[in-house]
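In: 3D model of this:
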Amino acid sequence: MLGGISIWQLLIVLAIVIMIFGTKKLRSLGGDLGGAVKGFKKAMNDDEAKNDADSKDSDPLKTLPKDDDTVQDADFSKTKDKENR
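Out: Below you'll find the model as predicted:
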């Protein structure tokens, strides 16, 4: 029992709804509802991906100059000197 409603009462309500609306209308309603839920999920995922990309672009540490470039240049000159010896 679900909160005082038995399975037989649910079946009777379902039968009445099918008689009133018909199976074709209920099927199209279900398809429309499913498509709406799918579109909503896609929009939410796209929005989250956009927010993630925006937060990565606005990272203040990415705008700072890297000291690695000078280290790589210095390392390159050392290897070049070793090759010349």
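In: can you give me the helices in this protein?
Out: Counting by DSSP state H, the chain has helices at residues 7-21, 23-57, 68-84.
In: tell me the mean pLDDT for the first one?
Out: The one in question is helix 7-21. Averaging pLDDT along helix 7-21 gives 92.
In: so what does that helix touch, helix or strand wise?
Out: In terms of contacts (3 or more Cβ pairs under 8 Å, 6 or more residues apart in numbering; DSSP states H and E), helix 7-21 is packed against helix 23-57. In short, each C-beta sits where N, CA and C put it, glycine included.
In: cool, and the longest one?
Out: In this structure, helix 23-57 packs against helix 7-21, with contacts taken as 3+ Cβ pairs under 8 Å, 6+ apart.
In: could I get the helix it packs on in CSV with only the CA atoms?
Out: The C-alpha coordinates for helix 7-21 follow below in CSV (Å, rounded to 0.1, in the frame of the first residue of the first chain):
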residue,chain,number,x,y,z
ILE,A,7,-2.9,-1.3,-6.2
TRP,A,8,-6.5,-2.0,-7.3
GLN,A,9,-7.4,1.7,-6.9
LEU,A,10,-4.4,2.7,-9.0
LEU,A,11,-5.4,0.2,-11.7
ILE,A,12,-9.0,1.6,-11.8
VAL,A,13,-7.7,5.2,-12.1
LEU,A,14,-5.3,4.1,-14.9
ALA,A,15,-8.1,2.4,-16.7
ILE,A,16,-10.3,5.5,-16.5
VAL,A,17,-7.5,7.8,-17.7
ILE,A,18,-6.9,5.4,-20.7
MET,A,19,-10.6,5.5,-21.6
ILE,A,20,-10.7,9.3,-21.4
PHE,A,21,-7.5,10.1,-23.3
